[in-house]
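Enquirer: structure of the sequence below:
(chains A, B, C and D)
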Number of protein chains: 2
Amino acid sequence: MVTEHITADADIAPVAALIADPARAAMLTALLDGRALAAGELARVAGVSPPTASAHLARLLDGGMVAVVAQGRHRYYRLAGPEVAEVLEVLARVGPRPRVRSLRQSRQARLLGEARTCYDHLAGRAGVELLGALLAAGYLVGQEAFEVTERGERGLAGLGVDVGAVRDTRRGFAPGCLDWTERRFHLGGALGAAVTCALMDRGWYRRGVARRVVEVTEKGRKGIAAIYACKELTSHALVTEMR
Amino acid sequence: MVTEHITADADIAPVAALIADPARAAMLTALLDGRALAAGELARVAGVSPPTASAHLARLLDGGMVAVVAQGRHRYYRLAGPEVAEVLEVLARVGPRPRVRSLRQSRQARLLGEARTCYDHLAGRAGVELLGALLAAGYLVGQEAFEVTERGERGLAGLGVDVGAVRDTRRGFAPGCLDWTERRFHLGGALGAAVTCALMDRGWYRRGVARRVVEVTEKGRKGIAAIYACKELTSHALVTEMR
DNA sequence: CGGACGCTTCGATACAGGACGAAAGGTGTC
DNA sequence: GACACCTTTCGTCCTGTATCGAAGCGTCCG
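Expert: Numbering: from 1, shown residues only, chains lettered A, B, ... in the order given. Prediction:
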């Protein structure tokens, strides 16, 4: 008798197969910082010819792992969503023991722990701290998923984040995203991406030399401290102070 | 100029390749409830011949995805660790939209949300609640990883858990394990497995008909309530009450 | 001790899919 | 409008590997 298992599990093999190829894996990890890269660039990072890369990207697209936007004669590919990034992160933790070899790599690892992008939002120690500041200031409320207070809406507007526009996207608004170095939540979702983007524009954070590494600038440190400290300040006062 | 990227990321492609084969994926998901299955059983659930299954299992073993223990003429395979289970869980969430079709599947999904095993420890609403009870009773302390108090050591002993023996294992002692239905922590690691095992033996929980589904018995409900309520009771009193 | 059973190794086969060169389809630039 | 550029499609080769039958090596049982 053949036992037909009743299982709600999705077919994971096809998804894994998409990541199983070295070239595709290289492309996906290259996209892990959330930016969109052109097909040619992806061919280069994967170490394959343009035709080969095109075939791979077609499969990734068909499998729902990446999305594409055509712009002139370029076609920019990006990860399809946060779940995809999460899979890549988790996969990196299993398998080969992450023994650090060179001093240089060790430094890289430390920097990644300090601050990095997780798909498209800030993660690492800096990400956890940013969330802590926004909570302390009363901009956000919640435990594992967050909501913006009225005060937070004004405050974030002062930082260049249009909360109303963010709310319109279909993506999860402001879920907590568990940090694998800090073991604590940082701000993810549409709001996390928007805040990260705005603060990058403001020069609080700066992309580092290596992929996904982010530096906290002096301005950023002061900004975070200000949010933390001035819990009772009006958001207007905070903004003017930060000029 | 060829740019050599400095990347601390592990090679995810080989790991993904192990999961990419349908037969291997079937075996791994069959092991997801934490039990160890014999090679023959795994061959059956994967729908392949014993030789083929043996080859697959050898590759999984070499790749560090499963562990094996020989017992008589059987060889029992189990997942190598919680990280492996986590990868499978996350992979199942990406890709095909988990649209529930039949009423039956919907019921399954609901049951899985109620209580299930996550690799080898209790998860779902029941898992979160169990951890809450242990924390409320002062048996455990901690935020994302937990330590057993002196009082907890006595209390857990009364429930059939030998904390000293658990501590000797090389596995992480009592890390929090993030629940993907509840978005909150439940108790994982060696202690999580030991507690789950002990409470199953005591009849607080019972494995359901479908894989990974767990039922909370009446006895279990009362037990949890007792732990919650009797914060100031001595563990001895708790144990006698629970007889 | 012989036989049944469980699992693995070996050898052979067949198929999927990853690689590239050549050429075609669009899009910007001079 | 001719050309350069990015990207894709097509055709073809070739490696990697999933598959099974037969045989070999243990273990349990009568």
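
Enquirer: up against DNA strand D, what does chain A have?
Expert: By CB under 7 Å from any atom of the strand, the residues of chain A that approach DNA strand D are A:38-41, A:43, A:50-51, A:53-55, A:57-58, A:68, A:73-75. Yep, even glycine has a C-beta here, placed from its N, CA and C like the rest.

Enquirer: of those residues, which belong to helices?
Expert: Counting by DSSP state H, the part of these found in helices is A:39-41, A:43, A:50-51, A:53-55, A:57-58.

Enquirer: just the closest of the residues of chain A next to DNA strand D to chain B, please.
Expert: A:Glu41 (10.4 Å; CB to the nearest CB).

Enquirer: report how many residues lie close to that closest one.
Expert: For A:Glu41, the neighbour count with other CB atoms under 10 Å in any protein chain shown is 16.

Enquirer: make CSV out of the ones in helices among the residues of chain A next to DNA strand D and add pLDDT.
Expert: Listed next are these as CSV, based on pLDDT from 0 to 100:
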residue, pLDDT
A:Ala39, 94
A:Gly40, 94
A:Glu41, 92
A:Ala43, 95
A:Pro50, 94
A:Pro51, 95
A:Ala53, 96
A:Ser54, 96
A:Ala55, 96
A:Leu57, 97
A:Ala58, 96
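
Enquirer: can I see the domain layout of chain A?
Expert: A:12-81, A:100-242 (automatic domain parsing).

Enquirer: so can I have CSV of those domains showing distance to B:Gly81?
Expert: Formatted as CSV, the domains of chain A follow (distance: least, CB to CB, whole Å):
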stretch, distance to B:Gly81
domain A:12-81, 18
domain A:100-242, 15
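
Enquirer: quick one: closest of these to DNA strand C.
Expert: Closest approach to DNA strand C among those is made by domain A:12-81 (3.1 Å; CB to the nearest atom of the strand).

Enquirer: wait, A:Val94 touches B:Val15, no?
Expert: Yes: with contact defined as CB atoms under 8 Å, A:Val94 reaches B:Val15; the gap is 5.7 Å.

Enquirer: which one of the domains of chain A has the poorest average confidence?
Expert: If the domains of chain A are sorted by mean pLDDT, domain A:100-242 sits at the bottom with a mean of 74.

Enquirer: quick revisit: find residues that contact each of A:Val94 and B:Val15.
Expert: Common contact partners of A:Val94 and B:Val15 (CB atoms under 8 Å, 6 or more residues apart in numbering or on different chains): B:65, B:87.

Enquirer: how much space separates the residue in chain A that DNA strand D sits nearest to from A:Val214?
Expert: Closest to DNA strand D within chain A is A:Gly40: 2.4 Å, counting by CB to the nearest atom of the strand. According to CB to CB, to the nearest Å, A:Gly40 stands 26 Å off from A:Val214.

Enquirer: please say which of these two ends up with more neighbours.
Expert: Applying other CB under 10 Å to A:Gly40 and A:Val214 shows that A:Val214 carries more neighbours, namely 25 against 12.

Enquirer: tell me the contacts of that one?
Expert: By CB under 8 Å, 6+ apart, the contact list for A:Val214 reads A:115-117, A:122, A:124, A:126, A:205-208.

Enquirer: ok, now A:Glu114?
Expert: Contacts for A:Glu114 (CB under 8 Å, 6+ apart) come out as A:124-126, A:216.

Enquirer: strands of chain A, start to end?
Expert: Per DSSP state E, chain A carries strands over the ranges A:37-38, A:66-71, A:74-79, A:116-118, A:121-123, A:140-142, A:146-148, A:176-178, A:185-187, A:205-207, A:214-216.

Enquirer: now for the residues of chain A next to DNA strand D: which two are most distant?
Expert: For the residues of chain A next to DNA strand D, the farthest-apart pair by CB to CB is A:Ala55 and A:Arg73; their separation is 19.1 Å.

Enquirer: between the two, which one's more packed in?
Expert: The neighbour count for A:Ala55 versus A:Arg73, taken as other CB under 10 Å, is higher for A:Ala55 (14 against 6).

Enquirer: state the distance from the more buried one to A:Arg75.
Expert: Remark: distance between A:Ala55 and A:Arg75 (CB to CB) = 14 Å.

Enquirer: returning to that earlier point: want to throw the strands of chain A into JSON lines with distance to B:Leu187?
Expert: Shown next, in JSON lines, are these (distance: least, CB to CB, whole Å):
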{"stretch": "strand A:37-38", "distance to B:Leu187": "41"}
{"stretch": "strand A:66-71", "distance to B:Leu187": "37"}
{"stretch": "strand A:74-79", "distance to B:Leu187": "32"}
{"stretch": "strand A:116-118", "distance to B:Leu187": "25"}
{"stretch": "strand A:121-123", "distance to B:Leu187": "25"}
{"stretch": "strand A:140-142", "distance to B:Leu187": "23"}
{"stretch": "strand A:146-148", "distance to B:Leu187": "25"}
{"stretch": "strand A:176-178", "distance to B:Leu187": "16"}
{"stretch": "strand A:185-187", "distance to B:Leu187": "18"}
{"stretch": "strand A:205-207", "distance to B:Leu187": "36"}
{"stretch": "strand A:214-216", "distance to B:Leu187": "33"}
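
Enquirer: any chance of those in a markdown table with distance to DNA strand C as columns?
Expert: Putting those into a markdown table (distance: least, CB to the nearest atom of the strand, whole Å) gives the following:
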| stretch | distance to DNA strand C |
| --- | --- |
| strand A:37-38 | 12 |
| strand A:66-71 | 7 |
| strand A:74-79 | 8 |
| strand A:116-118 | 27 |
| strand A:121-123 | 30 |
| strand A:140-142 | 41 |
| strand A:146-148 | 38 |
| strand A:176-178 | 31 |
| strand A:185-187 | 35 |
| strand A:205-207 | 25 |
| strand A:214-216 | 31 |
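
Enquirer: just those: most buried one?
Expert: strand A:121-123 (a mean of 27; mean count of other CB atoms under 10 Å in any protein chain shown).

Enquirer: other SSEs contacting that one?
Expert: Helices and strands touching strand A:121-123, by 3 or more CB pairs under 8 Å, 6 or more residues apart in numbering or on different chains; DSSP states H and E, are strand A:116-118, strand A:185-187, helix A:189-201.

Enquirer: could I get those as a markdown table with distance to A:Leu135?
Expert: Shown next, in a markdown table, are those (distance: least, CB to CB, whole Å):
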| stretch | distance to A:Leu135 |
| --- | --- |
| strand A:116-118 | 18 |
| strand A:185-187 | 9 |
| helix A:189-201 | 13 |
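
Enquirer: thanks a lot, catch you later.
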